[in-house]
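Colleague: just need the structure, nothing else, for what follows:
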Amino acid sequence: MYEDRASCHFRHFRTWAIFAAGRSQGEGMTGRRVLFREIQRFTQPWLWLLLGGSSLMIWYGAWRQLAMGQPFGSNPAPDGWLVVLLLVFGVGFPLFFLWLRLETEVTTEGLGVRFFPLHLRRRAWNWDEIEVVERRAYSPMLEYGGWGIRMGVRGWAYNVRGNDGVQLVLRSGERILIGTQDGDALMAAVARARAAR
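Modeller: As a prediction, this is how the structure comes out:
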């Protein structure tokens, strides 16, 4: 089996696209033959500045009040609440965003996404369910109100960053937008999968 592994667009984000040049390669999340796989993470500088700043403030407050015995702020929280804030905002949120990732797969049987760890199993659509697959530019804020798993006026969106996406229109009329950092390879894999049917 021939494999072509490509790492695409390493500018301010980490994304990996794996696709085959003619034959399917390997197995996907549920054993299907994978033509394309992309993993996207939240690596926007502004997001990590926000998370880092709030986390450092919580850590500093906890150190000052719990370790040094000096109340933090003009109306300090009880020590128990400060420990909870430290665990949630100083540890939990940063770790959550480190783990959070959008996985997209194109297989011989369909297309699927998973927002790990929010989704333990992927959400997938067989080619028979999909009427239209087209690449388009979109506005995350205006159309969907931001990034992540979103519901907007134009249907559901699964995105992490940027404004490049693949629009699915199902035979049921449902619309799903999947954000991507490598639209060329994704659409090429879609064309190969649909042509092979």
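
Colleague: who does the residue nearest in space to the middle of the chain bridge with?
Modeller: The centre of the chain sits closest to L102, judged by Cα atoms, centre = their mean, with a distance of 2.6 Å. Per DSSP bridges, the residues bridged to L102 are Q40, F115.

Colleague: so it touches F115, yeah?
Modeller: Yes. Contact criterion Cβ atoms under 8 Å: L102 and F115 qualify, at 5.5 Å. Placement of C-beta: from N, CA and C, glycine included.

Colleague: joint contacts of the two?
Modeller: Common contacts of L102 and F115 (Cβ atoms under 8 Å, 6 or more residues apart in numbering): Y158.

Colleague: report the separation between the residue nearest to the centre of the chain and G179.
Modeller: L102 is 7 Å from G179, where distance means Cβ to Cβ, to the nearest Å.

Colleague: so what sits against both of those two?
Modeller: Common neighbours of L102 and G179, using Cβ under 8 Å, 6+ apart, are Q40, Y158, N159, V160.

Colleague: check contacts around the second one.
Modeller: Right, the one you point to is Y158. The neighbours of Y158, taking Cβ under 8 Å, 6+ apart as the test, are L102, T104, V113, F115, I149, R150, I176, L177, I178, G179.

Colleague: hmm, 10 Å instead?
Modeller: 40, 102-104, 113-115, 119, 123, 144, 147-150, 165, 176-180 (Cβ atoms under 10 Å, 6 or more residues apart in numbering).

Colleague: let me know the pLDDT of it.
Modeller: Per-residue confidence (pLDDT) for Y158: 96.

Colleague: got it, and W16?
Modeller: 40.

Colleague: any idea how far the nearest residue to A189 once chain neighbours are set aside is from F116?
Modeller: Leaving aside its sequence neighbours, A189 sits nearest to F36 (Cβ to Cβ, 6 or more residues apart in numbering; 3.5 Å). For F36, the distance to F116 (Cβ to Cβ) stands at 17 Å.
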